[in-house]
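Visitor: sequence plus the predicted model coming up.
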There are 2 protein chains.
Amino acid sequence: MTGPHFQVLFQSKSSPARRGRLRTPHGCIETPAFMTVGTAGTVKAMDPVDLKNLGAEIILCNAYHLFLRPGHEFIQKRGGLHPFIGWDRPILTDSGGYQIFSLKGFCKISEDGVTFQSHIDGSQHFISPEKAIEIEAALGADIIMAFDECLEYPAEQKRTQESLQRTLRWAARSKSAHHRKDQMLYGIIQGGVYPDLRKQGVEGLLNLGFDGFAVGGLSVGEPQEEMLKVLEAVVPLIPENKPRYLMGVGTPGDLVEAVLRGIDMFDCVMPTRHARTGILFTSRGELHIKHARYKTDDLPLDPACDCYACKHFSRAYLRHLFIAKELLAIRLNTLHNLYYYLSLMSKLRQEIAQGTFEAFRHNFYQNRALGI
Amino acid sequence: MTGPHFQVLFQSKSSPARRGRLRTPHGCIETPAFMTVGTAGTVKAMDPVDLKNLGAEIILCNAYHLFLRPGHEFIQKRGGLHPFIGWDRPILTDSGGYQIFSLKGFCKISEDGVTFQSHIDGSQHFISPEKAIEIEAALGADIIMAFDECLEYPAEQKRTQESLQRTLRWAARSKSAHHRKDQMLYGIIQGGVYPDLRKQGVEGLLNLGFDGFAVGGLSVGEPQEEMLKVLEAVVPLIPENKPRYLMGVGTPGDLVEAVLRGIDMFDCVMPTRHARTGILFTSRGELHIKHARYKTDDLPLDPACDCYACKHFSRAYLRHLFIAKELLAIRLNTLHNLYYYLSLMSKLRQEIAQGTFEAFRHNFYQNRALGI
């Protein structure tokens, strides 16, 4: 590709919020964008036609999971992730760092990389920054992530400082190992909840040069306020012409607040995972479908929603399906939650471009305050 | 409705096979027809749009399951099954007899009816022929079934004879309890594997008068040969202008052989249940997707199949999804198996009308003999 990958189409005057467009070899992504998570090469309970009908422009797959099963070389032999999983739109792969450090099992860090045990069969593996980039190159996503160290929350400043320095050294090695010109490489900003460390994190990555900048290590248990403080500290340091990606975030409110603070991209398992446990997002807040109060409720999940589930089924039927452990419950819940997230992003893009984001934000909270 | 419900459009000259059309308040069903099973008011892993895309013209729901959860009166208050489950095409409900007699738990039969324990919570219930018809009237399906006694296989002649007589008395009570003019009531022919008893079964039902005739108590473990002998004994006794329904059958070969012997309707959990265990139907026989031989197999499930799964995904990907226990595995497997069953029926209808059924049948077995 020639020319810039990322273009800001509209910059809000009253906030860092912006409306943009990211070009990839598999098509454009309108930003701010939410990336639906397809961990093992499938967004749980959805097929590619479902995702296109929902308006998904990009999905995220986990290099860690695909490395373990079915294997990155296996996928490479099949032409990469796109043809293997039947998805011809953009894909982002994370580097596996977050998954490895989240494992309950054995995990040993050295300067060289991380030795860990598979969550599937307990087998031992080693991933270094070079190996992570090799795996991501084999998978062939449009956007790939540098290999970083993720800390638990809370972590004290000294430990966070040491970890950040390692992440920066690993970022340099990730960058050196990156050769596929058709893949964008994003660096990951660490530094915990310490604004000074976050600043060092951005500066270190800027010196190396990346196609985009991700804010990592958030949404790990800290209050929303702490997360937003970090965004306020780092976003102004990232060049305007580079996409900013907030990893693993978040609730609908998190998305609104982070977009307001200039974030362009998100990913989170929340809409799909909550769907499987019967928690459904609506304009009036979250609804737990298994609750007895919905047993005889003939309303749709969200009367204000235009998704397939809301247009065709009642809460009473969706509750019946969920209680009976029917697969259609998971399918309809997932369709609904993804529709909610993707249409929220679409709405945010529109409101930014119209200069009406603040009014939208006000209504967003007012509606939620009404309750279901 | 006025006029006959069922019309034979084409009668094969060389066999009892026929091509017909069944009119119901929710539309026509082209026969021979396969009814996809939607036990609890949902065909597992499919939504109504999926089913329409597959060409499903009718689904079967289980009165037993819906009586226990969410309850027939609950469904009646929501306007019946059709609006509750969002399916505006024909529905058939079975009477619950088969499910009750299949229960592993407590089940006590008297002349009046059956006392049994719920498979969900162990609660005790009683269903009589009158109660079964009341439940089915509340559910509001287009076609409902009389309440019958189902025997295990093998069952000796004396016991089968006694059971048949009770089924006929229950059929009379079912018929007397049936008042909804917009629901067709089918009688169920019992009599085990004894042609004489089956003959008595048909004659008893004919005296009572039903809108259709079902052959029950088959596909319970008997060899296919025994099942076909029963069909050869009973089908000639059923008036030509009445639909003939073979309950709970069967394999693709069973469908071909039963259609040849004049059966018009089928239902079976096989395509949906096998999908969930990774057994997939193809023109060359059954394929177990979890088998290691498919790990690196880049072919579609069935190169001769035009379904969504075969047009977009490889065996290698489908195996990956199945091994990773991904919900998309069940969805794609179910789509494929239902496509196989429904297109087999469509093909059979076409071949009967063209007078080429025998040649088709020959090819059907030849293709399967080739293996995958």
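Guide: Received it, and whenever you're ready, just let me know what you need. Residues are numbered from 1 along each chain as shown, chains lettered A, B, ... in the order given.
Visitor: buried residues in stretch A:76-93, which are they?
Guide: By neighbour count with 16 or more other CB atoms under 10 Å in any protein chain shown, stretch A:76-93 contains the buried residues A:76, A:78, A:80-87, A:89-93. Every residue, glycine included, has its C-beta placed from N, CA and C.
Visitor: briefly note if it comes near chain B.
Guide: Yes: against chain B, stretch A:76-93 shows contacts by CB under 8 Å from any CB of the partner chain at A:77-78, A:84-86.
Visitor: out of the residues you listed, list just those in helices.
Guide: Using DSSP state H, the members of the residues of stretch A:76-93 next to chain B that fall in helices are A:77, A:84-85.
Visitor: quick check: buried residues in the helix or strand hosting residue A:352?
Guide: Using DSSP states H and E, residue A:352 falls within helix A:327-354. Residues of helix A:327-354 classed as buried: A:327-345, A:348-349, A:351-352 (neighbour count, 16+ other CB under 10 Å).
Visitor: re earlier: export the ones in helices among the residues of stretch A:76-93 next to chain B to TSV and tack on distance to residue A:311?
Guide: Putting those into TSV (distance: CB to CB, whole Å) gives the following:
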residue	distance to residue A:311
A:77	42
A:84	33
A:85	28
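Visitor: before we move on, the earlier item: tell me the first helix or strand C-terminal of the helix holding residue A:352.
Guide: helix A:357-370.
Visitor: quick check, pLDDT for the closest residue to residue A:25 other than its chain neighbours.
Guide: Take residue A:25 and drop its neighbours on the chain: the residue closest to it by CB to CB, 6 or more residues apart in numbering or on different chains is residue A:182, 5.1 Å away. Note on residue A:182: pLDDT of 97.
Visitor: and the gap between residue A:182 and residue A:143?
Guide: Here the criterion is CB to CB, to the nearest Å. By it, residue A:182 lies 11 Å from residue A:143.
Visitor: in terms of neighbours, single out the busier of these two.
Guide: Neighbours of residue A:182 and residue A:143, each counted by other CB atoms under 10 Å in any protein chain shown, are more numerous for residue A:143; the result is 27 against 11.
Visitor: was I right about the more buried one contacting residue A:186?
Guide: Yes: using CB atoms under 8 Å, residue A:143 is in contact with residue A:186, at 6.2 Å.
Visitor: and for those two, which residues touch both?
Guide: Listed contacts common to residue A:143 and residue A:186 are A:211-212; contacts here mean CB atoms under 8 Å, 6 or more residues apart in numbering or on different chains.
Visitor: counting by contacts, list what the helix or strand where residue A:272 lies packs against.
Guide: Here residue A:272, judged by DSSP H and E, is contained in helix A:270-276. Counting contacts by 3 or more CB pairs under 8 Å, 6 or more residues apart in numbering or on different chains; DSSP states H and E, helix A:270-276 packs against strand A:33-37, strand A:279-282, helix A:327-354.
Visitor: same list, these, but as TSV with distance to chain B please.
Guide: What follows is those, written out as TSV (distance: least, CB to the nearest CB, whole Å):
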stretch	distance to chain B
strand A:33-37	13
strand A:279-282	16
helix A:327-354	4
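Visitor: can you put the ones you listed in JSON lines and add mean pLDDT?
Guide: Below are the helices and strands packed on helix A:270-276 laid out as JSON lines (pLDDT from 0 to 100):
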{"stretch": "strand A:33-37", "mean pLDDT": "98"}
{"stretch": "strand A:279-282", "mean pLDDT": "98"}
{"stretch": "helix A:327-354", "mean pLDDT": "98"}
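Visitor: could you point out which of these sits nearest residue A:167?
Guide: Residue A:167 lies closest, by CB to CB, to one member of those: strand A:33-37, at 21.6 Å.
Visitor: now the helix or strand hosting residue A:19: average pLDDT?
Guide: Using DSSP H and E, residue A:19 maps to strand A:18-24. Averaging pLDDT along strand A:18-24 gives 98.
Visitor: so for the next helix or strand after that strand, what gets flagged as buried?
Guide: Following strand A:18-24 in sequence order, the next helix or strand is strand A:27-31 (DSSP H and E). Residues A:29-31 are the ones in strand A:27-31 that count as buried (16+ other CB under 10 Å).
Visitor: ok, for residue A:170, nearest residue in space, not its chain neighbours?
Guide: Leaving aside its chain neighbours, residue A:170 sits nearest to residue A:129 (4.4 Å; criterion: CB to CB, 6+ apart).
Visitor: with respect to residue B:302, which of the buried residues of strand A:27-31 is nearest?
Guide: Distances from residue B:302 to these, taken as CB to CB, are shortest for residue A:29 (35.3 Å).
Visitor: gap between the closest one and residue A:273?
Guide: According to CB to CB, residue A:29 stands 23 Å off from residue A:273.
Visitor: what's the answer for residue A:285, then?
Guide: Shown here: residue A:285 relative to residue A:273, a distance of 18 Å by CB to CB.
Visitor: just residue A:332 next, same as before
Guide: Counting by CB to CB, the separation of residue A:332 from residue A:273 is 15 Å.
Visitor: the stretch 201-350 of chain A against chain B: which residues are in contact?
Guide: A:295-296, A:298, A:308, A:312-314, A:316-317, A:320-321, A:323-324, A:326-328, A:330-332.
Visitor: before we move on, what about the stretch 51-200 of chain A?
Guide: Applying CB under 8 Å from any CB, we find that the stretch 51-200 of chain A lies next to chain B at A:69-70, A:74, A:77-78, A:84-86.
Visitor: let's see that with 10 Å instead.
Guide: Within the stretch 51-200 of chain A, the positions adjacent to chain B are A:65-66, A:68-71, A:74-75, A:77-79, A:83-87, A:120 by CB under 10 Å from any CB of the partner chain.
Visitor: ok so, going back, closest to chain B among the buried residues of strand A:27-31?
Guide: residue A:29 (22.3 Å; CB to the nearest CB).
Visitor: with just CA atoms, put stretch A:50-70 into CSV.
Guide: Taking C-alpha atoms only, stretch A:50-70 is exported to CSV below (Å, rounded to 0.1, in the frame of the first residue of the first chain):
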residue,chain,number,x,y,z
ASP,A,50,-23.9,-12.6,10.3
LEU,A,51,-20.9,-10.3,11.0
LYS,A,52,-21.3,-8.6,7.6
ASN,A,53,-25.0,-8.1,8.3
LEU,A,54,-24.1,-6.6,11.6
GLY,A,55,-21.7,-4.2,9.8
ALA,A,56,-18.5,-5.5,11.4
GLU,A,57,-15.6,-4.1,9.4
ILE,A,58,-12.8,-5.8,11.3
ILE,A,59,-12.4,-8.7,13.8
LEU,A,60,-9.6,-9.5,16.2
CYS,A,61,-8.1,-13.0,16.5
ASN,A,62,-5.8,-14.2,19.2
ALA,A,63,-2.4,-15.3,18.1
TYR,A,64,-1.9,-17.2,21.3
HIS,A,65,-4.9,-19.5,20.7
LEU,A,66,-4.2,-20.0,17.0
PHE,A,67,-0.6,-20.7,17.7
LEU,A,68,-1.6,-23.5,20.1
ARG,A,69,-4.5,-24.8,17.9
PRO,A,70,-4.5,-25.4,15.0
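Visitor: all set, thanks.
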